[in-house]
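Colleague: Everything below, folded, please.
(one chain, ligands or ions: 1)
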Amino acid sequence: MSLLPDLTQKEFSREDIATILAATEVGEINKIRVAAEDVLLKHCGAEVYMRGLVEASNVCRCDCFYCGIRKSNKTVTRYDLGVDELVSLAQQCVAFGYGSMVIQTGERSDKKFIDNLETAIHRIKNETCGDNLPQGLGITLSVGEQTKETYRRFFEAGAHRYLLRIETTNPELFAQIHPPEQRIETRLECLRTLREVGYQVGTGVMIGLPGQSIEDLANDIMFFKTHDIAMIGMGPFIPHEQTPLWGKQCPDEESRLRLGLLMIAATRLVLRDVNIAATTALQAIDPQGREKALRFGANVMMPMMTPENVRLDYLLYPNKPNLNENAANARLDMEAFLKNIGRNLGLNKWGDAPHATK
Ligand code: SAH
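Modeller: As a prediction, the model looks like this:
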């Protein structure tokens, strides 16, 4: 049995983090969970922020070895939502009381995509202002590696948060799960550029990749800390049959779920005042995965707002849950669950991390 470090300390070493992530015993895991929940309530409060998730296009120029919508997967029907559709989805978010939306896509840099997204952001900001949201809906982008100019255009149009996962901070592992033209240096440069442009910057990793060690994951958390990251989105790796990583050895589902929850708790203990998402990938492994994540220190939920007719075309991984999640029911279910655990929905507000607004 590993001896846990002092979970209330302010500075965790890499070894402390690795010890936390290696916990397997129920009593220990619960101690970690309780400590993470304490830190969350103290530094961020009891609110869970909602961001309506819109997967706006699955067209992608990348060929990541893990991702179901990689360019080489010819079985995928490609789609692209129009500007009007994005604006109307944004209005639905407002109607549900979600103060923010996340626009996520495959990676594209064609002119039509950039022009349309810029127009959509402008229009969403203008057309969602109201009593509840005087500055309009909060917009988070997750549209991959772009030029500084493009990042600036989206920012000036009104997006104020950006998620770009580093996927893993181990350079050798990064090279094993991406084709050679996709470089970790480019991701790092993009994260720097996003900050320069003025975004609140989020990143994250996949957990339980083939060849990934506990030390790698501990290093990932140290990276979030040293790079002053304000938002974290991470979840278990889920093998997809139409990708090169299919069949490669990785931890079993139970271990990936446990590691996913421990990563959230450890990140909460180390970074304290950041936003951490309860991601869909957790729910793909365990139907209660997102709810468990909230109890391990997560404070952001991303209910699915992608139109139902294209949801099946955005399968980054199989068993993606909530393919028929209905946004209205999702909110009611979540409210009931949160009430039970002494938390509440943070409605009609952007819900920026205290870390970002300090
Ligand atoms: N193209 C955008 C965002 C879309 S992918 C970008 O590059 O930022 C969003 C995230 O899904 C990825 O960053 C990756 O971490 C995750 N993902 C992709 N395939 C996955 C898989 N098979 N299992 C778990 N997560 C996966």
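Colleague: Quick one: list the elements packing against the longest strand seen in the chain.
Modeller: Across the chain, the longest stretch assigned as strand under DSSP state E is strand 47-57. Other elements packing on strand 47-57 under the criterion 3 or more Cβ pairs under 8 Å, 6 or more residues apart in numbering; DSSP states H and E are helix 83-96, strand 100-105, strand 300-301, helix 327-340, strand 344-346. The way it works is simple: take the backbone N, C-alpha and C, and place the C-beta from them, glycine included.
Colleague: Note down every partner strand of the shortest one and its orientation.
Modeller: In other words, strand 300-301. Strand 300-301 has the following sheet partners, assigned by DSSP bridges: strand 47-57 (parallel), strand 275-278 (parallel).
Colleague: Give me the pLDDT for the residue nearest to Gly204 when sequence neighbours are not counted.
Modeller: Excluding the flanking residues, the one nearest Gly204 by Cβ to Cβ, 6 or more residues apart in numbering is Met234, at 3.7 Å. Looking at Met234, its pLDDT stands at 98.
Colleague: Please apply the same query to Asn322.
Modeller: For Asn322, the predicted pLDDT is 64.
Colleague: And Glu253, by the same measure?
Modeller: For Glu253, the pLDDT comes out at 97.
Colleague: Pretty sure Leu282 is one of the things it touches, is it not?
Modeller: No. Using Cβ atoms under 8 Å as the test, Glu253 is too far from Leu282 to be in contact (11.0 Å).
Colleague: Now Ser255. Nearest residue, chain neighbours left out?
Modeller: Leaving aside its sequence neighbours, Ser255 sits nearest to Gly208 (Cβ to Cβ, 6+ apart; 6.8 Å).
Colleague: lowest-pLDDT helix or strand in this protein?
Modeller: Least confident helix or strand, the chain: helix 327-340 with a mean of 83, by mean pLDDT, DSSP states H and E.
Colleague: Convert the C-alpha atoms of that one to PDB, please.
Modeller: Extracted as PDB, the C-alpha positions of helix 327-340 are listed here (Å, rounded to 0.1, in the frame of the first residue of the first chain):
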ATOM      1  CA  ALA A 327     -30.700  19.100 -23.700                       C
ATOM      2  CA  ALA A 328     -33.800  19.900 -21.600                       C
ATOM      3  CA  ASN A 329     -33.900  16.600 -19.800                       C
ATOM      4  CA  ALA A 330     -30.100  16.700 -19.200                       C
ATOM      5  CA  ARG A 331     -30.500  19.900 -17.300                       C
ATOM      6  CA  LEU A 332     -33.300  18.600 -15.100                       C
ATOM      7  CA  ASP A 333     -31.400  15.400 -14.300                       C
ATOM      8  CA  MET A 334     -28.300  17.300 -13.500                       C
ATOM      9  CA  GLU A 335     -30.100  19.700 -11.200                       C
ATOM     10  CA  ALA A 336     -31.600  16.800  -9.200                       C
ATOM     11  CA  PHE A 337     -28.200  15.100  -8.900                       C
ATOM     12  CA  LEU A 338     -26.400  18.300  -7.800                       C
ATOM     13  CA  LYS A 339     -29.000  19.000  -5.200                       C
ATOM     14  CA  ASN A 340     -28.300  15.600  -3.700                       C
END
